[in-house]
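Student: Sequence below, structure please.
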Amino acid sequence: MNTVCRGIIMETLEEQKAQALHAVKSTLRLEKDPLFTQNTHYYQTTREAWLAHFKLVHHHKTSYIIEDLQELSGTNVKLISDLD
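Tutor: The predicted structure follows:
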């Protein structure tokens, strides 16, 4: 029984290995040149949106601080607003 199960498992394993290898090779063929985006307009728009988000967070950083942080962590914790 052990030999039969081992044979079935090894056969299935080899089939899965062949399928995985085929999938990896197909994916690698698709990922050749160029290795960067050709859609520069989308990249630029997305970049500008993230920069605007980070600037907004930076200018309103006190709204991202937990009010009870000192109570949760102890009294020797410095808040971001205390560092300015």
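Student: can you give me the strands in this structure?
Tutor: Counting by DSSP state E, the chain has no strands at all.
Student: How is this structure divided into domains?
Tutor: For the chain, the structural domains run 1-32, 34-84, going by automatic domain parsing.
Student: rank these by pLDDT, which is bottom?
Tutor: Here the lowest mean pLDDT among those goes to domain 34-84, at a mean of 71.
Student: measure residue 4 to residue 23 for me?
Tutor: 29 Å (Cβ to Cβ, to the nearest Å). In short, each C-beta sits where N, CA and C put it, glycine included.
Student: should've said residue 60
Tutor: On the measure of Cβ to Cβ, residue 60 and residue 23 end up 46 Å apart.
Student: Now stretch 11-24 - C-alpha only, PDB.
Tutor: Listed next in PDB are the C-alpha coordinates belonging to stretch 11-24 (Å, rounded to 0.1, in the frame of the first residue of the first chain):
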ATOM      1  CA  GLU A  11       3.500  10.900 -10.400                       C
ATOM      2  CA  THR A  12       1.300  13.800  -9.300                       C
ATOM      3  CA  LEU A  13       4.300  15.700  -8.100                       C
ATOM      4  CA  GLU A  14       6.000  15.400 -11.500                       C
ATOM      5  CA  GLU A  15       2.900  16.500 -13.300                       C
ATOM      6  CA  GLN A  16       2.600  19.600 -11.000                       C
ATOM      7  CA  LYS A  17       6.300  20.300 -11.400                       C
ATOM      8  CA  ALA A  18       6.000  20.300 -15.200                       C
ATOM      9  CA  GLN A  19       3.000  22.600 -15.100                       C
ATOM     10  CA  ALA A  20       4.700  25.000 -12.700                       C
ATOM     11  CA  LEU A  21       7.900  25.000 -14.800                       C
ATOM     12  CA  HIS A  22       5.800  25.800 -17.900                       C
ATOM     13  CA  ALA A  23       4.000  28.600 -16.100                       C
ATOM     14  CA  VAL A  24       7.200  30.200 -14.900                       C
END
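Student: No further questions, thank you.
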